[in-house]
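Novice: Predicted model and sequence follow; I will ask about them next.
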Amino acid sequence: AQTVTQSQPEMSVQEAETVTLSCTYDTSENNYYLFWYKQPPSRQMILVIRQEAYKQQNATENRFSVNFQKAAKSFSLKISDSQLGDTAMYFCAFMKGGDSNYQLIWGAGTKLIIKP
Amino acid sequence: DSGVTQTPKHLITATGQRVTLRCSPRSGDLSVYWYQQSLDQGLQFLIQYYNGEERAKGNILERFSAQQFPDLHSELNLSSLELGDSALYFCASRAGGGSGFYGYTFGSGTRLTVV
């Protein structure tokens, strides 16, 4: 069974700094998807970034980028020039390709606090 | 607006009572996923429906049940409520974006407080 591990329960950085959140996963699949979701204090779940396993290029979305290391089964999220609005829980998620139910497997989350 | 609609946003009820949470998935998607999130916890998958049929079950208590109707809206019924059922209940459906899988689009959740 696939598992997703986020080893950092909580992190805090100063505003404008760069922060990296870690995520590792365990799978024997070759085709899959990986996601980072953000949950700010409003508790709304917001998709941050998506990566398809067959694509070697790391996904980027403005200040958010990933370091996807397929062999190491690692999918870290880098937030550059962090802002107060980045304060949130961040969840890493995995879905194996070909899953007809499109089930996401979730990590436990990392609480990120951006300090002014 | 995510396109996934959940009502009500807040619900306060007493122990032993029964409540119904409602969800309408994103237009064009047939799937509904229900999740429970207790305070400062992760997402616990409860149940999935697709076009009216149950597709997958997670850690859903026997006191909880769900269904998806022909118009694709779904209801999550929670009965014999206990204090520990207090949580945020999310509904999600598949996000749009073309071919491939683009994750889920979530509703804004229903915050249930059992007193």
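Specialist: Sure thing, it's come through.
Novice: From now on I want contacts and neighbour counts done on CA atoms only, so please keep to that.
Specialist: Fine.
Novice: Write out the residues of chain A neighbouring chain B.
Specialist: A:33, A:35, A:43-47, A:50, A:101-102, A:104, A:106-109 (Cα under 8 Å from any Cα of the partner chain).
Novice: Name the helix or strand for the residue nearest to residue A:10 when sequence neighbours are not counted, please.
Specialist: Nearest residue to residue A:10, sequence neighbours excluded (Cα to Cα, 6 or more residues apart in numbering or on different chains): residue A:111, at 4.5 Å. Using DSSP states H and E, residue A:111 maps to strand A:110-115.
Novice: Could you pull up the residues touching residue A:31?
Specialist: A:52-54, A:96-98 (Cα atoms under 8 Å, 6 or more residues apart in numbering or on different chains).
Novice: Make JSON lines from the residues you listed and add neighbour count, distance to residue B:85 and secondary structure to it.
Specialist: What follows is the contacts of residue A:31, written out as JSON lines (neighbours: other Cα atoms under 10 Å in any protein chain shown; distance: Cα to Cα, whole Å; DSSP: H, G, I helix; E, B strand; the rest coil):
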{"residue": "A:52", "neighbour count": "20", "distance to residue B:85": "36", "secondary structure": "strand"}
{"residue": "A:53", "neighbour count": "19", "distance to residue B:85": "37", "secondary structure": "coil"}
{"residue": "A:54", "neighbour count": "11", "distance to residue B:85": "40", "secondary structure": "coil"}
{"residue": "A:96", "neighbour count": "20", "distance to residue B:85": "30", "secondary structure": "strand"}
{"residue": "A:97", "neighbour count": "17", "distance to residue B:85": "33", "secondary structure": "coil"}
{"residue": "A:98", "neighbour count": "12", "distance to residue B:85": "34", "secondary structure": "coil"}
